[in-house]
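Asker: need coordinates for the following:
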Amino acid sequence: MKPKQPKPISRRNFIGKTSAAIAGLTIVPSHVVSGLGYTAPSDKLNVAAIGIGGMGRSVLSHIAETENIVALCDVDWNEATVRVFETYPGAGRFKDYRVMLDEMKEIDAVVVATPDHTHAVASMEAIKRGKHVYTEKPLTKTIHEARKLTEAAREHNVATQMGNQGQAGDWPRRLREMISDGVIGDIRDVHVWTDRPNRGLSDTYWPQGVSRPGGTPPVPETLDWDLFVGPAPMRPYHRAYHPFRWRGWWDFGTGALGDIGCHSFDPVFRALKLKYPTSVQAVSTLVNDETFPLGSIVTYDFPERGQMPALRLTWYDGGLRPPRLPGIDPGIQMGAGGVLYVGNKGLILGDRILPESLDESYKRPEPWIPSSPGHHKEWTDACKGGSPAGSNFDWAGPLTETVLLGNIALRPELRESLSRRPLEFDPENLRFTNLPEADRFLHYDYREGWSI
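Answerer: Alright, predicted model coming up:
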């Protein structure tokens, strides 16, 4: 589909067509102008977005402060999408990102904020064309996809960032400094929990633990359902999947763990120098082959790392959470979601050191980890030749793989086998050493016409 608006002039064309006109004039170097708080047109990225009705809109609002938004793509041109079109009236408009990338050669960088099952195919299409890529969390739907995207970004030398915005905050940096300083001693257990999801159909949460809906309602006129389904197996349209409620379905989403895990695990991985677990196991409420369970507990075991002891990381969702441990005084709220670090000298619950006597006696180290310029600016700076962004795919890929291992441990097809053993993972060879039949859940067969 052709853009409805004229294409913005590219940086290369802008420079080429105007160089003769400005010859002989005194030029202020762009880096000098930028230092005065102004970004020269030649220093701006031409950015496109794929998936603009939800998180894509938010990401664009940050990037548009300094860069050109030249193209917008979404499979559903509904009221929310149209409002984004109106915000950037000069941007090309598309439903198929492949057409957008074919027609608009001037694109420098791409934001991917689609449902989870199309993160990989859209991101890979951009990477292979040499575009810098920002992809929402979780990076992909499958472990195979995460590994392939990580390798492709490295091969094509593009700047990348995953959308776990909290990694750019100052608190995770202070946490790393305190744990490195030994405030609570050796840490052998970490607990992470969330109240998501619920079974309602609100705009904040999504249903899990439900079966496929009946009926075949008409597809909204604004929606290209075939493009929405993308590489997943085809099924009839239903409002149970779109808008937004796709996250709890095995075919489209990654459940509560995929939604929150990349946020909550990130500071744990950085502070405790984690990468891949050696094993994972899970228990849950009843699970079916359509949706993730309503509630689950997933346990990851990590080996020793240098002077750090072996660690167990336990995830809880659906309102489940860890028991109160000694040191958590009565009256202290565990909260609907949180992170608890358990050391041999004390605890860290959220941003609190416990017991309070330890907090009172502990002298915090002088900050030594530099602050981030901002999650989105990390990426745009990297696109322009700066340092790699904090959640670039070399970091985000293994983090996402670990999160998704938990979802494999929850698969109903493996439930009986995994009731007798943990699932042991070999990250180097990308396989499960004690249950080969689990390997098929590292990826799935795409629908015809889709690939990475």
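
Asker: residue 279: neighbouring residues, count only.
Answerer: Here the number of neighbours of residue 279 (other Cβ atoms under 10 Å) works out to 19. Every C-beta, even on glycine, is put in place using the N, C-alpha and C of the backbone.

Asker: for it, what are its contacts?
Answerer: Applying Cβ atoms under 8 Å, 6 or more residues apart in numbering, we find residue 279 in contact with 300, 301, 422, 423, 424, 425.

Asker: how much space separates it from residue 97?
Answerer: 38 Å (Cβ to Cβ, to the nearest Å).

Asker: excluding chain neighbours, what is closest to residue 387?
Answerer: residue 381 (7.2 Å; Cβ to Cβ, 6 or more residues apart in numbering).

Asker: report how many residues lie close to the one you found.
Answerer: Other residues close to residue 381 by other Cβ under 10 Å number 17.

Asker: wasn't it part of a strand?
Answerer: No. Remark: residue 381 does not belong to a strand; assigned using DSSP: H, G, I helix; E, B strand; the rest coil, it is helix.

Asker: can you tell me the centre-most residue of this structure?
Answerer: residue 137 (1.2 Å; Cα atoms, centre = their mean).

Asker: does that one count as helix, strand or coil?
Answerer: Applying three-state DSSP: residue 137 is coil.

Asker: how about the secondary structure of the residue lying closest to it once chain neighbours are set aside?
Answerer: Excluding its sequence neighbours, the residue lying closest to residue 137 (Cβ to Cβ, 6+ apart) is residue 262, at 3.9 Å. At residue 262 the chain is in helix, as set by three-state DSSP.

Asker: was I right to think residue 262 contacts residue 136?
Answerer: No. At 9.4 Å, residue 262 does not count as touching residue 136 under the criterion of Cβ atoms under 8 Å.

Asker: and the residue nearest to residue 137, what pLDDT?
Answerer: pLDDT for residue 262: 96.

Asker: neighbours of it, just the number please.
Answerer: 27.

Asker: likewise for the one 5 residues further on?
Answerer: The local packing of residue 267 (other Cβ under 10 Å) involves 22 other residues.

Asker: skipping adjacent residues, who's closest to it in space?
Answerer: Using Cβ to Cβ, 6+ apart, the closest residue to residue 267 is residue 172 (4.0 Å).

Asker: residue 62 now?
Answerer: Nearest to residue 62 is residue 376, by Cβ to Cβ, 6+ apart, at 4.1 Å.

Asker: what are the phi and psi angles of the closest residue to residue 368 other than its chain neighbours?
Answerer: Excluding the flanking residues, the one nearest residue 368 by Cβ to Cβ, 6+ apart is residue 177, at 6.3 Å. Torsion angles at residue 177 (phi, psi; degrees, to the nearest 10) stand at phi -60, psi -40.

Asker: which regions of the stretch 51-200 of the chain lie under the pLDDT threshold?
Answerer: 198-200 (pLDDT under 70).

Asker: tell me the SS of residue 286?
Answerer: With three-state DSSP as the criterion, residue 286 reads coil.

Asker: right, and it touches residue 210 too?
Answerer: No. Residue 286 lies out of contact with residue 210 (Cβ under 8 Å); the separation is 10.9 Å.

Asker: so which of the two has more stuff around it?
Answerer: More neighbours surround residue 210 than the other of residue 286 and residue 210, with 16 against 10 (other Cβ under 10 Å).

Asker: got the contact list for that one?
Answerer: Counted by Cβ under 8 Å, 6+ apart, residue 210 has contacts 199, 240, 248, 290, 291.

Asker: now residue 283
Answerer: Contacts of residue 283 by Cβ under 8 Å, 6+ apart are 296, 297.

Asker: is it in a bridge, and if so with what?
Answerer: residue 297 (DSSP bridges).

Asker: how near is it to residue 310?
Answerer: 21 Å.

Asker: may I have the distance across stretch 408-421, first residue to last?
Answerer: 14 Å (Cα to Cα, to the nearest Å).

Asker: may I see the buried residues of that stretch?
Answerer: 408, 409, 410, 411, 414, 418 (16 or more other Cβ atoms under 10 Å).

Asker: average pLDDT across that stretch?
Answerer: Stretch 408-421 comes out at a mean pLDDT of 90.
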